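Undergrad: would you be able to build a 3D model of this:
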Amino acid sequence: MIDKTYVTTMARYNAWQNSQLTAIVTKMDHDALIQDRGAFFGSILGTLNHLLWGDRMWLNRFGADVDAPARGDTTKLTPTIAAWSAERFQVDGRTTIWAKGLHNIDLAGDLSWYSGGHDKTLTRPLALCVAHFFNHQTHHRGQVHAMLTAAGQAAPVSDLVFMDDNGA
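TA: Take a look at the predicted model:
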C-alpha cells in the first residue's frame, strides 16, 4: 500500500505546509484566529489545535517519542498561536524523525489501539493508519486554507508537486 519513501515524503510535506501556515497565522491577531468561521472545528486556531492533537495521538500510537494528548476538547490544546507554533514545530520534528527511522517492513501488520471516540479497542492495518494520519493533516489544512482565504489572508501553496527536494 505505502512504503518508507511515501512516509518520508509526506512528513516533509507536512512540515513544509505547517511552516507556511505558521508564517501567516503568527502575524494575525488573536481575535481573527479564534473567530468562529463556521468550520467543523470553528476557528482557524481551533482547527490547527485539532490537527496538532490528532498528530500527537497518532504519533504516540505509532511508537514515536510524543506524549499522547489528554482527551477532551481537541480545539483547545494550545491557548495562543505562539504556543501552537512552538508545539507544532516540535511535533513536525518528531514526525520527521519517526518517518526517517522507518523501514518498509515496519509498515506491515496491524495496529491496535483503544479509541475513546468509539469506546473500544480497534485494530487496522498499520499502513492504512499511517496513510490516514497524513490524509487527516491534508484534510484539515485544506479547511484552514479556506478560512484564511475567507479572512483575507494569502493562503500558502499547498500542491505536493510544487514542494522542492528540501521541503520548501
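
Undergrad: in the chain, which spans are strands?
TA: Along the chain, counting by DSSP state E, strands occupy 110-115, 120-125.

Undergrad: tell me where this structure has helices.
TA: With helices called from DSSP state H, the chain shows them at 4-25, 30-34, 44-61, 81-101, 126-150.

Undergrad: adding mean pLDDT, write the ones you listed out as TSV.
TA: Formatted as TSV, those follow (pLDDT from 0 to 100):
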stretch	mean pLDDT
helix 4-25	97
helix 30-34	97
helix 44-61	97
helix 81-101	97
helix 126-150	96
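
Undergrad: out of these, nearest to residue 119?
TA: With respect to residue 119, and counting by C-beta to C-beta, the nearest of the helices of the chain is helix 44-61 at 15.5 Å. Glycine gets a C-beta too; all of them are placed from N, C-alpha and C.

Undergrad: packing partners of that closest one?
TA: helix 4-25, helix 30-34, helix 81-101, helix 126-150 (3 or more C-beta pairs under 8 Å, 6 or more residues apart in numbering; DSSP states H and E).

Undergrad: quick one, which of those is nearest to residue 59?
TA: Short answer: helix 81-101, nearest of those by C-beta to C-beta, at 6.1 Å.

Undergrad: buried ones in the closest one, by neighbour count?
TA: Across helix 81-101, burial judged by 16 or more other C-beta atoms under 10 Å covers 81, 84-85, 87-88, 91-92, 94-96, 98-99.

Undergrad: again, but for stretch 143-152
TA: 143-145, 147-148, 151.

Undergrad: and the residue nearest to residue 109 when sequence neighbours are not counted, how far is that from residue 63?
TA: Closest residue to residue 109 apart from its sequence neighbours, by C-beta to C-beta, 6 or more residues apart in numbering: residue 126 at 5.6 Å. Distance, residue 126 to residue 63, using C-beta to C-beta, to the nearest Å: 10 Å.

Undergrad: which one of these two has more residues nearby?
TA: residue 126 (19 against 11; other C-beta atoms under 10 Å).

Undergrad: can you give me the distance of the more buried one to residue 133?
TA: 10 Å.

Undergrad: overlap in contacts, these two.
TA: Common neighbours of residue 126 and residue 133, using C-beta atoms under 8 Å, 6 or more residues apart in numbering, are residue 62.
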